[in-house]
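Participant: structure for the following, please:
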Amino acid sequence: MASVPQGMPTYSSLISELRGTVEAKFREIPKNYIQRVNGNSITYFSNKDVQCAGKTIKSKEELTYISLYSNLSDDGKQLKEVGKFRGCLRDSEITEEFFYKGEELEKNSVKDYLAGKLNLDIFNYDYFRYQIKYSVSDMPFLSVEGKRDGDRHFSTIRVYRQKIMQLTTYKRDSENTDYVVTFYPYKIKRLFYGVNVNIDQKSIIIKKRKKNFFYFSNSKQISEFEFSQAFNNIIVNIGLGSLSGIVKFSVSNFPNTQQISASGQNSRLIDELRLAFTQLLNRDLERIRILLLQYIEAAENNLILDQRPKD
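Facilitator: Predicted structure coming up:
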């Protein structure tokens, strides 16, 4: 199966990094408010009046909600899902769209969506598309798309429909793969921010031969660090970094939450892991993120016991 080249973050980690602020918020909301599950949606309310986004939300009125609606084809080969997070203001809504083509696809539950347990590895599917948008605009501010075509795989990242990167993967055999990573110039100009990346269109060719990776830019061999640095500067820090403000602004319209300290034998371990998870949100590695989530869940279910001596 195809994958990203060494030195490049996975697409799922890039998506998780952008939506991490929302994901962290909705990990705390169920602990701070009363929830009502209704099929594909979960509504949260309080038994007292709450100040949120500059307005008073009356007791028992909806504060926020999350939903996931799925449409699976009869043959199980196409799946479209639309997820929504809505804040206290009715026009403060984040919408995510997922479209999959593959074999034996299955719907996700709203609880899986809430827990961030969706499989966003684009290489697992014949076709994959992810889009996220904010309610003030119908235009997605980030799109990630992947398509398999025989031994080749094509994937792209778009910001406001501008292509900023494309990865072409060609698997020659079980041990040899060729990659072409192409960066494109782009311009972002919105109400709260502006970014103008005037780079020349640039391609980096990567060859995997057995277990070794070789990197070339303009026919000149470069190091994995130089490739990783270019990717992080052009795509992660500037491209996705310029979009993080949209997500943080939208989250400011969600109800305030207080982090609940764990109690019992595992309290110290759980609190340390939660803190580490929050600190990693804006620059995480996917494997670390998943591992921390697994540790937290296991500790909360008393599957991990903290037997370290007290300070």
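
Participant: what's near enough to touch Ile122?
Facilitator: Tyr11, Ser12, Phe128, Val144, Glu145, Gly146, Ser155 (Cβ atoms under 8 Å, 6 or more residues apart in numbering). In short, each C-beta sits where N, CA and C put it, glycine included.

Participant: taking these one by one, which sit in strands?
Facilitator: Residues of those located in strands (DSSP state E): Phe128, Val144, Glu145, Gly146, Ser155.

Participant: from the residues you listed, list the buried ones, please.
Facilitator: For the ones in strands among the contacts of Ile122, a burial check counting by 16 or more other Cβ atoms under 10 Å picks out Phe128, Val144, Glu145, Gly146, Ser155.

Participant: which of the residues you listed lies closest to Cys52?
Facilitator: Closest to Cys52 out of those is Val144 (31.3 Å), distances taken as Cβ to Cβ.

Participant: out of everything not next to it in sequence, what's closest to that closest one?
Facilitator: Of all residues not flanking Val144 in the chain, Tyr130 sits nearest, at 4.5 Å (Cβ to Cβ, 6 or more residues apart in numbering).

Participant: what count of nearby residues applies to that neighbour?
Facilitator: 24 (other Cβ atoms under 10 Å).

Participant: now the one 3 residues further on
Facilitator: Residues within reach of Lys133, counting by other Cβ under 10 Å, total 19.

Participant: try the one 4 residues further on
Facilitator: Using other Cβ under 10 Å, Ser137 has 11 neighbouring residues.

Participant: again with the one 4 residues further on
Facilitator: Here the neighbour count serves as a burial measure; for Phe141 (other Cβ under 10 Å) it reads 20.

Participant: picking up where we left off before, take the buried ones among the ones in strands among the contacts of Ile122 and write them to TSV, including pLDDT.
Facilitator: Formatted as TSV, those follow (pLDDT from 0 to 100):
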residue	pLDDT
Phe128	97
Val144	96
Glu145	97
Gly146	97
Ser155	97
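
Participant: for those residues, which one is nearest Leu291?
Facilitator: Of those, the one sitting nearest to Leu291 (Cβ to Cβ) turns out to be Val144, at 23.0 Å.

Participant: what's the helix or strand for the spatially most central residue of the chain?
Facilitator: Taking Cα atoms, centre = their mean, the centroid of the chain lies closest to Ser16, which sits 2.1 Å from it. If you go by DSSP states H and E, Ser16 is part of helix 11-32.

Participant: now do the buried residues in that helix.
Facilitator: Those would be 11-29, 32, for helix 11-32 by 16+ other Cβ under 10 Å.

Participant: report the rounded mean pLDDT for it.
Facilitator: For helix 11-32, mean pLDDT rounds to 85.

Participant: and the helix or strand following it with helix 11-32, angle?
Facilitator: Remark: after helix 11-32, the chain's next helix or strand is strand 34-38, criterion DSSP H and E. Computed by axes from the mean of the first three to the mean of the last three Cα atoms, to 10 degrees, the angle separating strand 34-38 from helix 11-32 equals 120 degrees.

Participant: which of the helices or strands spans Gln166?
Facilitator: Using DSSP H and E, Gln166 falls in strand 162-171.

Participant: what's the answer for Thr177, then?
Facilitator: strand 176-183.

Participant: can I get the helix or strand following that strand in PDB? Just the C-alpha atoms.
Facilitator: Next along the chain after strand 176-183, taking DSSP H and E as the criterion, comes strand 186-189. Extracted in PDB, the C-alpha atoms of strand 186-189 (Å, rounded to 0.1, in the frame of the first residue of the first chain):
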ATOM      1  CA  TYR A 186      -0.400  30.600  -3.400                       C
ATOM      2  CA  LYS A 187      -2.000  33.700  -1.900                       C
ATOM      3  CA  ILE A 188      -4.500  33.900   1.000                       C
ATOM      4  CA  LYS A 189      -6.200  37.100   1.700                       C
END
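
Participant: so what strands line up beside the helix or strand harbouring Gly83?
Facilitator: Assigned by DSSP H and E, Gly83 falls within strand 78-86. The strands that strand 78-86 pairs with in its sheet are strand 64-72 (antiparallel), strand 93-101 (antiparallel) (by DSSP bridges).
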